[in-house]
Each structure stands twice: as C-alpha cells, then as structure tokens.
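Chemist: Sequence and predicted structure below; questions after.
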Amino acid sequence: MTAGQSEATETPTGEDALLRTDGLTKRFGGLVAVDDVNLRIQRGEIRCLIGPNGAGKSTLLKLLVGQLSPSEGHIYYDGRDITGLSQHERARGGMSMKFQVPAVYGDLSVRQNVHIPLQREVGRGRIDAAIEETLDKFGLLDVADTRATDLSHGQQQWLEIAMASALEPELLLLDEPAAGMSIRETEKTAEYVHRLNEDRDMTLLVIEHDIDFVRAIAQSVTVLHRGEVFAEGTIEDIENDPEVRRIYLGEVRE
Ligand SMILES: Nc1ncnc2c1ncn2[C@@H]1O[C@H](COP(=O)(O)OP(=O)(O)OP(=O)(O)O)[C@@H](O)[C@H]1O
C-alpha cells in the first residue's frame, strides 16, 4: 500500500491466497468459539490446524465449508467473497470436506458409497472406471464389495476421504482424518494426503491432534486457542514455541 492510500481502497481480490478469512467470528450465545480469525491458505499448501479441545477448530472448518454462518467477518475463495454462499454452492466452486462424524452409508458396499459423489458429475460411460480409480487410490479395491460397516476403522476413514476427494476438489478440508488409527494406518493416511497434494494439486486444510501425523504432512501449522489464532509457522517453529508447548503440545492428552 502506498502512502496516503486508505485501507478501505484495498480490494479483497488483491491477494493470491486460495482461501482467506477476514475477521471471521462465530458466537454461540455468550461463547466466542471463533474469534477474529484471519487465515491465508496458499494454493497447493498442506496446512494443519491444531489446538486444545474446544479451541474452535471444528467450528472454523464448518464456517469455511458453509455448514455454519459467521457472526462476523468474511470468507474469500480464490478472491471471491463466498460468505453468503450455501454449502452446495461452495462444493460446486471446488471445496470439499470430510467431517469428524462418519458420513459413509454403513449398509452400502464400499463401491456403492464411492458411486454417490461420482454419479453427480461423471458421465455414464466413465463412472465404473472413475470408481475403480478412486478405490485404487485409497487401497480399497480388495474390499470394494464389503459393506462399509464391516470395514476396519482405518478403511472407513479412507473411504470417507475417498468420497470427499472423488471429484477432485481444489481445496479439501479434513477433520481429524487419523483419529483412532494405528501407527501403520496413520502412516498410510499421511501417504494418501501427500498423494492428493502432489498428484492432484490439491490444497488441504487438516485438523489433527496426532502431532506425529501433523509432522508427517504439514507444510505450515496454525494453532488455535480459545477461538483465536495463537501461533502460525512451520512445524519446527510451532514445536519450538514455548507458549504453544505450554497451552497445547505439553498438555496430557487422553
Ligand atoms: N453448536 C454449538 N452450540 C454451542 N456451542 C458450541 C457449538 N459447537 C461448538 N460449540 C462450542 O464452541 C467451542 C469450540 O468447539 P469446537 O468443536 O469448534 O472445538 P474444537 O477445537 O474442534 O474441539 P475438539 O478438538 O474437542 O474437537 C467449544 O466450547 C464448544 O463447546
């Protein structure tokens, strides 16, 4: 900004961040769950969002995806103000999310589950190939005809990531993708996340508590505390920050 120019003349499209929030705030009655958050997620980045229980991480993701409306502030996607758009409109614009709560259909097979997101967009002749491709990407070919409810915990999580990423969104939001996984499953999940980022140029914003998983995937980390951005930087910056250690990394987790 040059001297004498007021801030109000800056346009929100002036930045090249894929996702940007300005003063994003969500109140539940007297509780400020997300407090004046200004995020900048660059295209192609893998960003992890960490913080103690109740810090506002899930609420922030729900605001971004349009599941909740903010009390104040704006969300810009690719320079465009999407604050008033519905969840569906945001999905059409290139955003997709895997929630913490399981969203697979337990009685349907793995293949039938993957068919659901793909059927909207993929032509009839291509859908079988698209399903096979998606299953293969997440190591689910061998269990394609298994009911989702009979999968292992890790496989269920991968099925959900497969469904959320099937249409190759530009931005994929994942809420605790490695929760409850074994070390081996967590490593596999990190591999899948890297592949989505590298092969599909996907930008990812990932909430995660497992710091080993964060270390394995994050190019940058945002720490949320009591709804506010407490720290931001590389995983090394974050792990070496004594204040972050005090509020989060050093605490005993269950
Ligand atoms: N729908 C709601 N109504 C009222 N309060 C809510 C609602 N959703 C979340 N909260 C509160 O907002 C705060 C932030 O919750 P949120 O789930 O976003 O935190 P989190 O960082 O994702 O926590 P966790 O790591 O435990 O999942 C908490 O105090 C929570 O109780």
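Modeler: Okay, I see it. Numbering: from 1, shown residues only.

Chemist: May I ask you to name the longest strand in this structure?
Modeler: strand 19-28 (DSSP state E).

Chemist: residue ranges of the strands in this structure, please?
Modeler: Going by DSSP E, the chain shows strands at 19-28, 31-37, 40-41, 46-50, 72-77, 80-81, 95-98, 171-175, 203-207, 220-225, 228-233.

Chemist: Can you redo those as JSON lines, where the extra columns are distance to L60 and mean pLDDT?
Modeler: For every residue, glycine as well, the C-beta is placed using N, CA and C. Below are the strands of the chain laid out as JSON lines (distance: least, CB to CB, whole Å; pLDDT from 0 to 100):
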{"stretch": "strand 19-28", "distance to L60": "7", "mean pLDDT": "97"}
{"stretch": "strand 31-37", "distance to L60": "5", "mean pLDDT": "97"}
{"stretch": "strand 40-41", "distance to L60": "12", "mean pLDDT": "96"}
{"stretch": "strand 46-50", "distance to L60": "7", "mean pLDDT": "97"}
{"stretch": "strand 72-77", "distance to L60": "10", "mean pLDDT": "96"}
{"stretch": "strand 80-81", "distance to L60": "18", "mean pLDDT": "92"}
{"stretch": "strand 95-98", "distance to L60": "12", "mean pLDDT": "71"}
{"stretch": "strand 171-175", "distance to L60": "10", "mean pLDDT": "92"}
{"stretch": "strand 203-207", "distance to L60": "8", "mean pLDDT": "95"}
{"stretch": "strand 220-225", "distance to L60": "7", "mean pLDDT": "96"}
{"stretch": "strand 228-233", "distance to L60": "10", "mean pLDDT": "96"}
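
Chemist: now these in JSON lines, with distance to R120 and mean neighbour count?
Modeler: Shown next, in JSON lines, are the strands of the chain (distance: least, CB to CB, whole Å; neighbours: other CB atoms under 10 Å):
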{"stretch": "strand 19-28", "distance to R120": "23", "mean neighbour count": "19"}
{"stretch": "strand 31-37", "distance to R120": "30", "mean neighbour count": "20"}
{"stretch": "strand 40-41", "distance to R120": "26", "mean neighbour count": "20"}
{"stretch": "strand 46-50", "distance to R120": "26", "mean neighbour count": "24"}
{"stretch": "strand 72-77", "distance to R120": "20", "mean neighbour count": "18"}
{"stretch": "strand 80-81", "distance to R120": "22", "mean neighbour count": "12"}
{"stretch": "strand 95-98", "distance to R120": "12", "mean neighbour count": "23"}
{"stretch": "strand 171-175", "distance to R120": "17", "mean neighbour count": "24"}
{"stretch": "strand 203-207", "distance to R120": "22", "mean neighbour count": "24"}
{"stretch": "strand 220-225", "distance to R120": "32", "mean neighbour count": "22"}
{"stretch": "strand 228-233", "distance to R120": "35", "mean neighbour count": "18"}
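
Chemist: how about the residues of the protein near the ligand?
Modeler: For the chain, the contact set with the ligand under CB under 6 Å from any ligand atom comprises 28, 31, 33, 51, 53-59.

Chemist: which ones among these are found in helices?
Modeler: Counting by DSSP state H, the residues of the chain next to the ligand place 57-59 in helices.
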